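> Sequence and predicted structure are below.
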Amino acid sequence: DGGITQSPKYLFRKEGQNVTLSCEQNLNHDAMYWYRQDPGQGLRLIYYSQIVNDFQKGDIAEGYSVSREKKESFPLTVTSAQKNPTAFYLCASSQNPGAGNTEAFFGQGTRLTVV
Amino acid sequence: RKEVEQDPGPFNVPEGATVAFNCTYSNSASQSFFWYRQDCRKEPKLLMSVYSSGNEDGRFTAQLNRASQYISLLIRDSKLSDSATYLCVVNLRGGQGGKLIFGQGTELSVKP
């Protein structure tokens, strides 16, 4: 079945550690996105990528890094520079969004908690 | 000003009611528009795309007014299962091609 998969579902991080969240899609989508959602809040864009080996900062990129070495994969690293990383992280993909009216499909999310 | 703004909610309505959500966007380069539904602690899922001519899907009607940079979602005959958060989404094209921006969401609670 085609889809977008995030792992792990739950992640606990000690302060000062870097952690990497996985996002894989087999939909052959060009674009991939990372969002952060805090309780009772909307989705805020962290990074997005429209093609392999290229990505752009979203509204809240500080303390995060990404790579796009393969079309199917867009991992997000939450670095120790991110001061308040506890949140629900959502990865999404869409097909050639620059071309027009294309919807985004989401993974099931990763809940990151700093302990 | 936020790029996409929605009614803050929450909306508490009885079953069978008609409810309307509004959304405004600030960037005139916005190319395509969507409404997503998000259930508690779940990922958002597409409810419907919004077309310039307006579109309807059963009890749901979406409207777009490009001149006013305004999108709406109307839900008729509300069901208990409609309780969720509704997210307005805008796709920016051009120099920022393919950047999907979400509103903060409007929570709907349908009561018996």
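Received the coordinates, thanks. Numbers count the residues shown, from 1 in each chain, chains lettered A, B, ... in the order given.
> mind listing what residue B:11 touches?
Residues near residue B:11 by CB atoms under 8 Å, 6 or more residues apart in numbering or on different chains: B:19, B:21, B:106, B:107, B:108, B:109. Placement of C-beta: from N, CA and C, glycine included.
> do residue A:94 as well
A:29, A:30, A:31, A:33, A:102, A:103, A:104, A:105, B:98, B:100.
> got these as JSON lines, with secondary structure, pLDDT and distance to residue B:37 columns?
Below are those laid out as JSON lines (DSSP: H, G, I helix; E, B strand; the rest coil; pLDDT from 0 to 100; distance: CB to CB, whole Å):
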{"residue": "A:29", "secondary structure": "coil", "pLDDT": "91", "distance to residue B:37": "21"}
{"residue": "A:30", "secondary structure": "coil", "pLDDT": "89", "distance to residue B:37": "25"}
{"residue": "A:31", "secondary structure": "strand", "pLDDT": "90", "distance to residue B:37": "21"}
{"residue": "A:33", "secondary structure": "strand", "pLDDT": "94", "distance to residue B:37": "18"}
{"residue": "A:102", "secondary structure": "coil", "pLDDT": "73", "distance to residue B:37": "18"}
{"residue": "A:103", "secondary structure": "coil", "pLDDT": "83", "distance to residue B:37": "12"}
{"residue": "A:104", "secondary structure": "strand", "pLDDT": "88", "distance to residue B:37": "13"}
{"residue": "A:105", "secondary structure": "strand", "pLDDT": "91", "distance to residue B:37": "14"}
{"residue": "B:98", "secondary structure": "coil", "pLDDT": "66", "distance to residue B:37": "22"}
{"residue": "B:100", "secondary structure": "strand", "pLDDT": "85", "distance to residue B:37": "16"}
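> how about the residues of chain B that lie near chain A?
Contact residues, chain B versus chain A (CB under 8 Å from any CB of the partner chain): B:6, B:31-32, B:34, B:41-46, B:49, B:51, B:87, B:89, B:91, B:93, B:97-105.
> Out of the contacts of residue A:94, which is nearest to residue A:81?
residue A:33 (21.0 Å; CB to CB).
> Bridged to the closest one, which residues?
In this entry, residue A:33 is beta-bridged to residue A:48, residue A:92, by DSSP bridges.
> Was I right to think it contacts residue A:106?
No. Using CB atoms under 8 Å, residue A:33 is not in contact with residue A:106; the gap is 9.0 Å.
> who's more crowded, the two?
Counting neighbours by other CB atoms under 10 Å in any protein chain shown for residue A:33 and for residue A:106 shows that residue A:33 has the greater number, 27 against 22.
> Now do the same contact list for residue 43.
Chain wasn't specified; assuming chain A. So residue A:43 contacts A:35, A:36, A:37, A:90, B:44, B:87, B:102 (CB under 8 Å, 6+ apart).
> Please refer instead to chain B.
Counting by CB under 8 Å, 6+ apart, residue B:43 touches A:90, A:106, A:107, A:108, A:109.
> Can you tell me the element residue 23 falls in?
As the question left the chain open, I've gone with chain A. strand A:19-25 (DSSP states H and E).
> That was the other one, I meant chain B.
Per DSSP H and E: strand B:19-25 holds residue B:23.
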